Structure formats: structure tokens, C-alpha cells
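Enquirer: Got a predicted structure here, sequence first:
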Amino acid sequence: MAVTDVEDWPLQARCRGMNDALFPEGRDQKRAKTVCMGCPVRAQCLAEALDHRIEWGVWGGMTERERRQLLRQRPEVKSWAAVLTQQSSRLRAATHPARRRFGLPLEPIHDPRQGAGEATHEQ
């Protein structure tokens, strides 16, 4: 997998060219969020919206309401780009085909940087 330049991630987004479709209201937001599923730059997109407090539209699979809630729940996070990039890397490692082939567990993955007894649940 190629490393995505910080400035180039929008060029790889599944929603590229769909500007108006990503700023829906009400129930249409659910439909817009489906565009994000499986997007190769979803983490970068979400980090952009969270780090810059973008208030409108669906970014990285989250509505503005969901992003506001996440920001309230995690006020200690200074860089969502760092958090989401780290999680994305761990998820790729955890779901690597070799782990499945040899029957290695996919979850929980213990992160030694977290407190004792805490585990990161990823699928």
C-alpha cells in the first residue's frame, strides 16, 4: 500500500467530484455516509474534519452531529490525524491475511501505550 501524501488524499477519495451529495440534510445523510464505506482515505478525511472543526457535511463516514459528539467525548485529543493514522495502521496489521491464515486472533489487540487492562477492539 502506498503512503498517501497529506495533501493528495482527496484525489484518492471515493467521493471525489460529489461535492453537493456530501452535504445532505436529515435522512439523506445516511445515504451519503455509504459512499465513505471502503474509501481508502477515510481516516485522513475524518481527521481533516475533526482537526479543523469542519461543521458541515459528511466527512470520513461521520455526520456533523456525530463528529461534534466525538469531539465532546474526547477533548484531550490534540491531533486526530495522529490518532486515526495510528488506528488505521494497527487495523491493517491486525487484519493482515497471514493473521487469518494462521488463526491468529484479530481482537482484542493490546496497545502497551494504553492503561493496564485496556484493550483496543478492532475488526
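Expert: Good, I have the coordinates. Computed from a predicted model, the values in this text were never measured in an experiment.
Enquirer: buried residues in the strand or helix carrying residue 69?
Expert: Assessed by DSSP states H and E, residue 69 sits inside helix 64-73. Going by neighbour count (16 or more other CB atoms under 10 Å), the buried part of helix 64-73 is 64, 66, 67. C-beta here means a position set from N, CA and C on the backbone, and glycine is covered the same way.
Enquirer: Not counting sequence-adjacent ones, nearest residue to the first one?
Expert: In space, and not counting its chain neighbours, residue 64 is closest to residue 55: 5.4 Å by CB to CB, 6 or more residues apart in numbering.
Enquirer: what number of residues lie near the spatially closest residue to residue 54 that is not a sequence neighbour?
Expert: Take residue 54 and drop its neighbours on the chain: the residue closest to it by CB to CB, 6+ apart is residue 48, 7.1 Å away. As a burial measure, the neighbour count of residue 48 was computed by other CB atoms under 10 Å and equals 19.
Enquirer: same deal with residue 47?
Expert: One way to gauge burial is a neighbour count; for residue 47, by other CB under 10 Å, it gives 23.
Enquirer: One more: residue 11?
Expert: 10.
Enquirer: For the helix holding residue 69, name the packing helices and strands.
Expert: On a contact count with 3 or more CB pairs under 8 Å, 6 or more residues apart in numbering; DSSP states H and E, helix 64-73 meets helix 42-51.
Enquirer: what's next to the helix it packs on, contact-wise?
Expert: Outside helix 42-51, the residues within contact range by CB atoms under 8 Å, 6 or more residues apart in numbering are 4, 6, 9-10, 13, 36, 39, 54, 57, 59-62, 67, 70-71, 77, 79-81, 83-85, 87-88.
Enquirer: where exactly do the helices run in the protein?
Expert: According to DSSP state H, the chain carries its helices in the segments 28-36, 42-51, 64-73, 80-94, 97-101.
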